[in-house]
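K.L.:
sequence first, predicted coordinates after that:
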Amino acid sequence: MARSGNRKALRGRAGRMQSARGSGRPTHGHVRLWGRHAVKAALKNPHRQHRKLWATREGVASLDGELPPDFPLEFAEAGDLARLVALDAPHQGLVLECAPLEDLHLDDVLIGDTSRPIVVLDQVTDPHNVGAILRSAAAFDAAALVTQDRHAPPESGALAKAASGALEIVPWVRVVNLARALEEMAEAGYWRIGLAGEAQATLAQALPAGPVALVLGAEGEGLRHNIAAHCDVLARLPIGEAMESLNVSNAAAIALYAVATRKH
């Protein structure tokens, strides 16, 4: 790969590199990330294995010199980069191809700092919602995000863009059996609070002083019966009657704020 001023432009080649627009989902063991925050965070993550960066000159300049001099880079026009990402995706002049993050184990989280909450998602499949929840989890210092592998979106460019760098910060644990994972959290001393609009107690009333796992279900369906049964208590956010419910990512942000500001 040529370096510095000898790096070749990509213009006119993107269409041959990929026959259709990319979703950013893992293909052949790689995932494409785009946008300044997502790409910068991935470049800083020592656990990422990077393959290549396509970028405009303005995009490279926005990295503030953080790109290693020997990094595989091809300069491209903005229109060419648009062919590598999802339709109308705001790539901001940066498209990074890298390996997906390695799988994490729940045990590694449960032996960590129990003062930090765990966020558990039950069949939340929208990548934008999961990305936004990761962003809130990073902002409020959550220990991890836990999802069921079969009912969660894959790591993708769209999710990483919504997470605004948090995908590289918050450990994401995918489990086979979510109910069993909740049992393991209880064994580790976590109080499992399921958010449900029909609950009698408010979240403030249900919050303990000790370790907390916040469990949120998909919009519309809410928590599945078996997952709700594996919670220690169901609680609701005290929203007004004018609105039936909140977007799951908004609910997660409010719940994480409540945990962060609770009085011990």
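P.N.:
Perfect, I can see it now. Residues are numbered from 1 along each chain as shown.
K.L.:
and for the residue nearest to W191 when sequence neighbours are not counted, the neighbour number?
P.N.:
Nearest in space to W191, with sequence neighbours left out and distances taken as C-beta to C-beta, 6 or more residues apart in numbering, is P208 at 4.6 Å. In short, each C-beta sits where N, CA and C put it, glycine included. As a burial measure, P208 scores 13 neighbours (other C-beta atoms under 10 Å).
K.L.:
try P46
P.N.:
For P46, the neighbour count with other C-beta under 10 Å is 5.
K.L.:
separation between it and A139?
P.N.:
22 Å (C-beta to C-beta, to the nearest Å).
K.L.:
coming back round to it: so the residue nearest to W191, which state does it fall into?
P.N.:
For P208, the assignment made with DSSP: H, G, I helix; E, B strand; the rest coil gives coil.
K.L.:
so where is the stretch 101-250 of the chain shaky, pLDDT-wise?
P.N.:
243 (pLDDT under 70).
K.L.:
ok, 90 please
P.N.:
The stretch 101-250 of the chain contains residues with pLDDT under 90 at 151, 197-198, 219-222, 239-246.
K.L.:
mind listing the strands for it?
P.N.:
Per DSSP state E, counting those that start in this stretch, the stretch 101-250 of the chain carries strands over the ranges 118-122, 144-148, 172-175, 191-195, 201-202, 212-217, 233-236.
K.L.:
given the second one, what are its sheet partners and their directions?
P.N.:
Going back to what we said before, that points to strand 144-148. Partners of strand 144-148 in the sheet, by DSSP bridges, are strand 118-122 (parallel), strand 172-175 (parallel).
K.L.:
next, count neighbours for V176.
P.N.:
Look at V176: counted by other C-beta under 10 Å, it has 9 neighbours.
K.L.:
quick one: it and R150, what's the gap?
P.N.:
V176 sits 8 Å away from R150, going by C-beta to C-beta.
K.L.:
what sits against the closest residue to G93 other than its chain neighbours?
P.N.:
Leaving out its chain neighbours, the residue that sits closest to G93 by C-beta to C-beta, 6+ apart is G59, at 2.6 Å. Neighbouring residues of G59 by C-beta atoms under 8 Å, 6 or more residues apart in numbering: R36, Q92, G93, L94.
K.L.:
now do D122
P.N.:
Residues near D122 by C-beta under 8 Å, 6+ apart: Q148, H151, L178, V215, L216, G217, A218, L223, R224, I227.
K.L.:
please name the residues that touch the third one.
P.N.:
Shown here is L178, whose contacts under the criterion C-beta under 8 Å, 6+ apart are V120, D122, V146, T147, Q148, I227.
K.L.:
let me have those residues in a markdown table, extended by distance to A41.
P.N.:
Below are the contacts of L178 laid out as a markdown table (distance: C-beta to C-beta, whole Å):
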| residue | distance to A41 |
| --- | --- |
| V120 | 23 |
| D122 | 27 |
| V146 | 21 |
| T147 | 20 |
| Q148 | 25 |
| I227 | 31 |
